[in-house]
Each structure stands twice: as structure tokens, then as C-alpha cells.
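Chemist: A structural model of the following input is requested.
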Amino acid sequence: MRFSAEDGVSLEGELRLPDGPPRGSAVVCHPHPRHGGSKDHPLLWAIRNELVARGLAVLSFNFRGVLGSGGTFGGGRTEIRGVAAAVARVLG
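Modeler: Numbering: from 1, shown residues only. Coordinates of the predicted model:
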């Protein structure tokens, strides 16, 4: 799935839903992109699977400039826009 940050940068994400109605929601952010972090990190897969099994809707996404997300790394200053957009999307 794709969603946009407030400044228009398109971000690549994955929304996982539980079998029944969600009891809540979570956004999972990946490790630092300059050190190989992406939403596909194996530890994040395990965390997402566990949260979904516990009944949560879980959105994970790639920060700007990582794999299929647009934009470029902003040194932590612009990445907060991605987190805000992910939270807004999962609350939907």
C-alpha cells in the first residue's frame, strides 16, 4: 500500500489486520535506514505477526528514501512526517 506524508512524499507500507475486528492499532518503525533498516527486517516481521495475533491492526512502512518510498533521508528531521502519516493512516 502507499500513503503520503503531509509534504507529499509517497511512502511504501504494509497494513496487517487481525482475523476479527481490531482491538487497537500500532505503527511499527524500522531501524535506522543508513544501517540497513527497512520494514522487512526479520525482527519487525515477528513483532508485526505477534501484534496481529493479539488483535491489533499493524502498519509498518519504509521511511523516505528506503526501498519503495519516495524522498530522501532527512537526518531524522523529516522522518517524523512519515510517522505522523502512518499513525493517521492506521487510525483511518
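Chemist: Settle this for me: L17 is touching L59, isn't it.
Modeler: No: if you go by C-beta atoms under 8 Å, L17 and L59 don't touch, sitting 9.9 Å apart. All C-beta atoms are positioned from the backbone trio N, CA, C, and that covers glycine.
Chemist: Of the two, which one has the most company?
Modeler: L59 (26 against 14; other C-beta atoms under 10 Å).
Chemist: so what's that one up against?
Modeler: Applying C-beta atoms under 8 Å, 6 or more residues apart in numbering to L59 gives the contacts G13, E14, L15, R16, S25, A26, V27, V28, A86, R89, V90.
Chemist: which non-adjacent residue is nearest the residue lying farthest from the centre of the chain?
Modeler: Ranked by distance from the centre of the chain (C-alpha atoms, centre = their mean), the top residue is G20, with 21.3 Å. Using C-beta to C-beta, 6 or more residues apart in numbering and skipping the chain neighbours, the partner closest in space to G20 is G55 (7.0 Å).
Chemist: Isn't the one you found up against R23?
Modeler: Yes: here G55 reaches R23: they are 3.9 Å apart, a contact under C-beta under 8 Å.
Chemist: which one of these two has more residues nearby?
Modeler: G55 (14 against 10).
Chemist: where's that one relative to A26, distance?
Modeler: 11 Å (C-beta to C-beta, to the nearest Å).
Chemist: ditto for A86
Modeler: 10 Å.
Chemist: So for the two, which residue has more residues nearby?
Modeler: Counted by other C-beta under 10 Å, A86 and A26 do not tie: A86 has more neighbours, with 23 against 19.
Chemist: Give me the buried subset of the contacts of L59.
Modeler: Taking 16 or more other C-beta atoms under 10 Å as the criterion, what is buried in those is G13, L15, S25, A26, V27, V28, A86, R89, V90.
Chemist: For the closest residue to the fifth one other than its chain neighbours, give me its contacts.
Modeler: The one in question is V27. With sequence-adjacent residues excluded and distances taken as C-beta to C-beta, 6+ apart, V27 is closest to A86, at 4.5 Å. With contacts defined as C-beta under 8 Å, 6+ apart, A86 is in contact with F3, L11, G13, V27, C29, L59, F61.
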